[in-house]
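Participant: Dropping a prediction and its sequence here:
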Amino acid sequence: EAQVTQNPRYLITVTGKKLTVTCSQNMNHEYMSWYRQDPGLGLRQIYYSMNVEVTDKGDVPEGYKVSRKEKRNFPLILESPSPNQTSLYFCATSGTPVGYNEQFFGPGTRLTVL
Amino acid sequence: TQLLEQSPQFLSIQEGENLTVYCNSSSVFSSLQWYRQEPGEGPVLLVTVVTGGEVKKLKRLTFQFGDARKDSSLHITAAQPGDTGLYLCAGAGGNTPLVFGKGTRLSVIA
């Protein structure tokens, strides 16, 4: 079964405590990306990766890091989380070219930073 | 950055009514997608349109891509409570990443 998994699904943390949200896909997709979704602001892209070892900034990359060491995994790292990073985060994957292929989204990670 | 404007932002209608949601941009897109998102879940693809003027139908949903590939619309006929959700349009240009609109939140009341 085609799957995009994210962990954890829910996380409450404190300012400054480093955290990683994992994303894994079993569809052999080249393209992976991270979005955050906030009320009134829609889905905003944080980072994306066109393939292994290739990552690029999206619209809101400040305060986030990513890595793409393997095709299936694309973790999102918050080195020093702040309250303005409280949000709903989605990982998504697709074949290429992007926009012609379906984006498969993970179930989401709801993050609260106190 | 390419921008996609969706309207209306919110829509509340009675079961059986028709509705249209719009997605507009000043930029040309090589493809445009429509997704639907239900509470607590990730968006799910409804349709992809790639040709200017293209019309696609999915049961009671009709999608149209503008002739100039700058805009799109989603028309729902005889809306049902199961159509309730957040509708998102997303456009791509060439090899650029997908850009999402802010969405239209639809509520269909029985």
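Facilitator: Cool, got the structure. Numbers count the residues shown, from 1 in each chain, chains lettered A, B, ... in the order given.
Participant: give me the residue from chain B nearest chain A.
Facilitator: Here the residue of chain B nearest chain A is B:Ala92; by C-beta to the nearest C-beta that distance is 2.3 Å. No exception for glycine: its C-beta is placed from N, CA and C like everyone else's.
Participant: Next one, pLDDT for that residue please.
Facilitator: The model reports B:Ala92 with a pLDDT of 88.
Participant: repeat for the one 10 residues further on
Facilitator: We note a pLDDT of 94 for B:Lys102 in this prediction.
Participant: Go ahead and confirm it touches A:Leu41.
Facilitator: Yes: in terms of C-beta atoms under 8 Å, B:Lys102 counts as a neighbour of A:Leu41; the distance is 6.8 Å.
Participant: These two: who's more crowded?
Facilitator: Between B:Lys102 and A:Leu41, counted using other C-beta atoms under 10 Å in any protein chain shown, the more crowded position is B:Lys102 (20 against 12).
Participant: Let me see the contact set for that one.
Facilitator: A:40-42, B:5-6, B:9 (C-beta atoms under 8 Å, 6 or more residues apart in numbering or on different chains).
Participant: Which one of those is nearest to B:Ser72?
Facilitator: For the contacts of B:Lys102, the minimum distance to B:Ser72 (C-beta to C-beta) is 9.7 Å, reached by B:Gln6.
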